[in-house]
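In: Need a 3D model of the following:
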Amino acid sequence: MNKLTIITIVSALVGMTKASCWSESQGYKCCSGCDVVYEDESGKWGVENDDWCGIDDAVCNPSEDACWSLPDFPCCKESTEVLYTDESGDWSVEDGNWCGIIKSTKTTKKEDSKTTSKKSTTTSSSSTGTVLYPEYEEIECTPPDVFSYGQCCHGDDIEAYGKCGGKDWTGSTCCMVGTSCKEINEYVSLCEPDPTAPIRPAVHDVGVHGKPWCKLPNCVVTEDQGGYRWGYDVVEDSGCEIPEYECYDLLNKTWGPQEYPVGTEEGVTTRYYDCCKPSCSWPGKADVTQPVRQCAMDGKTLLTDFSSPSACQTDVEGISHMCEDQQPWAVSDVLSYGFAAAALPGGESETCCACYAITFSEPPIRGKQIVVQVTNTGADVGSNQFDLQIPGGGVGIFDACTNMYGLPAGSNGWGKKYGGISSIEDCDSFPEALQAGCRWRFEFLLGADNPKMTFVEVECPKVLTDITGCIRN
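Out: As a prediction, this is how the structure comes out:
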């Protein structure tokens, strides 16, 4: 993260305006909200319209120690980490459940001149909340310079190593993101790389190091080099530079609230779609009402003989395939349902048709959840790994998709054998029944590649067991 001054104010706004309050006697209006940025002997101060205002404590804090989240949720016993903020207050998670954080005052130093920074709205972590942008402490600038994203300069952004100053220089003095104007000698100053420079929008085609910017929503950080964050462009098969300003929201957001418990067991997710008969479709794998449903080559017609050979068997001509409706879908920006292959302690007898709540732990999807039912396993699935069943996710070891959908021989289904397709546009070539599940990877997962997560076993939702027909006894 670039080093810059960000003032963050955390609290819920109260939708009421006080007719008069103590601050008016000092020449300042009453605040319409309750964001506290300073407290002195007079009382609590906020900032609205870039000016100080007084906060009526009787309105904003009728009881500082009250458990406001009751009766729906308990108050947090120990946790003070804000994971989500709404109109009620600040929320955290304890023992896998939401809890309300007892209201507390967060302050920052008030300058004597009452020159203030802009009030930040960058603390919202809701998928429906305010988009997060960096906010900067305002400073006075000497004309022709103006305040611009945390610094004083004027003119268009200059590319890396471009001239930004020197004796008798009359051109632009604003350097592109990731650079700052450094004096070389009396006559020349250049925009040189500086990872601590304030974050600015990316206005050029390439970044500081001459590589293209990662295209939104690709804000997945794959490497940090000397303070600069890099991603990976799967289309170009090369590295790309993370645009810090444009990606700020996704890099700093925690999606929420979560509808299912947040597990503590750590793991990783991968992806696959091989069109083969699910392993949990074979009889006798676990104590269940029936094995996972299997389909004929059309992906729709159910096969009732669970001993039917798999289309991926090499010793016989198999007829059993994965059913097309066993693919992921989103019910909100935060929650999805789907299916997965998994390798967990106890093997298939313990995991076939069991369900798990997966909570992603890395940006840009930190806090998002998918509840999966385990329908498969595999020799290429590692410990605490959930291989999400996503159309276009790569066939892996076996491939029944090529024959099932009449694809060119040796095509490995769609895309690469491991990893599958590289862009959402590739989904347009899929059979109509698979296109939504294919796009889910880019629309809900935001293109995250094998993201880390935590997981916990949960009771299987009916929406999943209605599709597979498999319920553990």
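In: May I have the secondary structure class of the residue nearest to Glu223 when sequence neighbours are not counted?
Out: With CB to CB, 6 or more residues apart in numbering as the criterion, Glu223 has its nearest non-adjacent residue at 4.5 Å, and that residue is Trp230. Where you see a C-beta, it was placed from the backbone N, CA and C, and this is true even at glycine. Put simply, Trp230 is strand when judged by DSSP: H, G, I helix; E, B strand; the rest coil.
In: for the stretch 301-450 of the chain, what spans make up the helices?
Out: Shown for the stretch 301-450 of the chain, the helices assigned by DSSP state H, counting those that start in this stretch span residues 348-351, 401-404, 432-443.
In: What residues sit buried inside the last one?
Out: Neighbour-count burial for helix 432-443, counted by 16 or more other CB atoms under 10 Å, picks out Leu434, Gln435, Ala436, Gly437, Cys438, Arg439, Trp440, Arg441, Phe442.
In: again, but for stretch 321-337
Out: Residues of stretch 321-337 classed as buried under the neighbour-count rule (16+ other CB under 10 Å) are 321-328, 330, 334-337.
In: What is the nearest of those residues to Ala160?
Out: Comparing the buried residues of stretch 321-337 against Ala160 with CB to CB places Val334 closest, at 38.1 Å.
In: Quick check: the closest one touching Gln369?
Out: Yes. Counting by CB atoms under 8 Å, Val334 sits close enough to Gln369 to count as a contact (6.4 Å).
In: Of the buried residues of helix 432-443, which is the nearest to Ile242?
Out: Phe442 (17.7 Å).
In: surely that closest one meets Glu425?
Out: No. With contact defined as CB under 8 Å, Phe442 and Glu425 do not form a contacting pair (9.3 Å).
In: what would the buried residues of helix 432-443 look like in a markdown table with distance to Asp157 and pLDDT?
Out: As requested, the buried residues of helix 432-443 are exported to a markdown table (distance: CB to CB, whole Å; pLDDT from 0 to 100):
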| residue | distance to Asp157 | pLDDT |
| --- | --- | --- |
| Leu434 | 43 | 97 |
| Gln435 | 40 | 96 |
| Ala436 | 40 | 97 |
| Gly437 | 41 | 97 |
| Cys438 | 38 | 96 |
| Arg439 | 34 | 96 |
| Trp440 | 37 | 97 |
| Arg441 | 34 | 96 |
| Phe442 | 30 | 94 |
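In: Look at the residue of the chain positioned farthest from its centre and give its secondary structure.
Out: Relative to the centre of the chain, the most outlying C-alpha is that of Asp168, 47.4 Å out, by CA atoms, centre = their mean. The local conformation at Asp168, judged by three-state DSSP, is coil.
In: dump the residue contacts of it.
Out: By CB atoms under 8 Å, 6 or more residues apart in numbering, the contact set of Asp168 is empty.
In: how about 10 Å then?
Out: Neighbouring residues of Asp168 by CB atoms under 10 Å, 6 or more residues apart in numbering: Tyr187.
In: switch to numbering from 642
Out: I'll keep to 642 as the first residue from here, and by that count the last item is Asp809.
In: want to throw the helices of the stretch 942-1091 of the chain into CSV with distance to Cys694?
Out: Putting those into CSV (distance: least, CB to CB, whole Å) gives the following:
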stretch, distance to Cys694
helix 989-992, 57
helix 1042-1045, 62
helix 1073-1084, 41
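In: who wins for proximity to Asn1017 among these?
Out: helix 989-992 (9.1 Å).
In: Put the alpha carbons of that closest one into CSV.
Out: Backbone C-alpha positions of helix 989-992 (Å, rounded to 0.1, in the frame of the first residue of the first chain) are rendered in CSV as follows:
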residue,chain,number,x,y,z
GLU,A,989,-15.7,-40.0,0.5
SER,A,990,-17.6,-41.9,3.2
GLU,A,991,-17.5,-38.7,5.3
THR,A,992,-17.7,-36.0,2.5
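In: Which other helices and strands does it contact?
Out: strand 976-984, strand 1010-1017 (3 or more CB pairs under 10 Å, 6 or more residues apart in numbering; DSSP states H and E).
In: any idea which of these is most buried?
Out: strand 1010-1017 (a mean of 27; mean count of other CB atoms under 10 Å).
In: In contact with the closest residue to Pro1072 other than its chain neighbours, which residues?
Out: Counting by CB to CB, 6+ apart, Tyr1046 is the residue found nearest to Pro1072 once chain neighbours are left out, at 6.0 Å. The neighbours of Tyr1046, taking CB under 10 Å, 6+ apart as the test, are Cys916, Met938, Gly940, Ser1052, Gly1054, Trp1055, Phe1071, Pro1072, Leu1075.
In: try Lys856
Out: For Lys856, the contacting residues are Gly872, Asp874, Val876, Glu877, Cys881, Pro884, Glu887, Ser1064, Gly1088, taking CB under 10 Å, 6+ apart as the criterion.
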